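Engineer: For reference, the sequence and a predicted model appear below.
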Amino acid sequence: MFLSNYIKEVFGAVKSLATGMRRTLYYFTHHKEIITEQYPDNRDTLELAERFKGEVVMPHDEKNEHRCTGCTACELACPNGTIKVITKFDITPEGKKKKAIDELVYHLELCTMCNLCIIACPSDAIKMVPTFEHSVYDRTELTKILNKPGSKIMDGVE
Ligand code: SF4
Ligand code: SF4
């Protein structure tokens, strides 16, 4: 009686192990179907979904020029105060005052990646990029100024 119970338990354990290993063994012979990635070893070959959103940035060209007019539409569209547009007045060559961006402050730590600011921007001055390694020890590092030092608006963007 004792021996038969023991054998039953051994068979039960083997069956349970085989059930647990079934999926593992399946992928062992079906490498192409594996979708999990070995981060961070795969940094060079990492494939992110096209719709992945990681951070709002303001592209600048080789002349350190951007497309931001300081209109504040992005700030108004943002549901949680992640963006603060600080404006100033520049003097045009004709001697007129013209509103311009001083700083576009972006609080990455607050951003929900909802994309509303990108949609709201009338001059395509900001965009989402798929960065994701945002861990820092000091949270103030997550507050970013999106316009680069010394940058200015591109000619022709109003
Ligand atoms: S993505 Fe959404 S939460 Fe983030 S800054 Fe833009 S509007 Fe605000
Ligand atoms: S980023 Fe776009 S919406 Fe925001 S202030 Fe600049 S031009 Fe306006």
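Structural biologist: Everything's here; your move. Ligands and ions are numbered 1, 2, ... in the order given.

Engineer: Determine the three-state secondary structure at Met21.
Structural biologist: helix (DSSP: H, G, I helix; E, B strand; the rest coil).

Engineer: got the contact list for it?
Structural biologist: By C-beta atoms under 8 Å, 6 or more residues apart in numbering, the contact set of Met21 is empty. In this view, the C-beta of every residue, glycine as well, is placed from N, C-alpha and C.

Engineer: Look up how far ligand 2 lies from it.
Structural biologist: Per C-beta to the nearest ligand atom, to the nearest Å, Met21 is found 53 Å from ligand 2.

Engineer: Give me the distance between that residue and Phe28.
Structural biologist: 9 Å (C-beta to C-beta, to the nearest Å).

Engineer: Over to Lys98?
Structural biologist: Lys98 is 65 Å from Phe28, by C-beta to C-beta.

Engineer: Name the residue closest to the centre of this structure, please.
Structural biologist: Gly54 (0.3 Å; C-alpha atoms, centre = their mean).

Engineer: was I right about it contacting Asn115?
Structural biologist: No - between Gly54 and Asn115 there is no contact under C-beta atoms under 8 Å: 11.6 Å.

Engineer: Spit out the residues that contact those two alike.
Structural biologist: By C-beta under 8 Å, 6+ apart, the residues touching both Gly54 and Asn115 are Met128.

Engineer: picking that back up, just want to know which of Lys98 and Phe28 has more residues nearby.
Structural biologist: For Lys98 and Phe28, the more surrounded residue by other C-beta atoms under 10 Å is Lys98, and the numbers stand at 14 against 10.

Engineer: The more buried one and Thr92 touch, don't they?
Structural biologist: Yes - proximity of Lys98 to Thr92 meets the contact threshold set by C-beta under 8 Å, at 5.2 Å.

Engineer: how about stretch 7-19: buried residues?
Structural biologist: By neighbour count with 16 or more other C-beta atoms under 10 Å, stretch 7-19 contains no buried residues.
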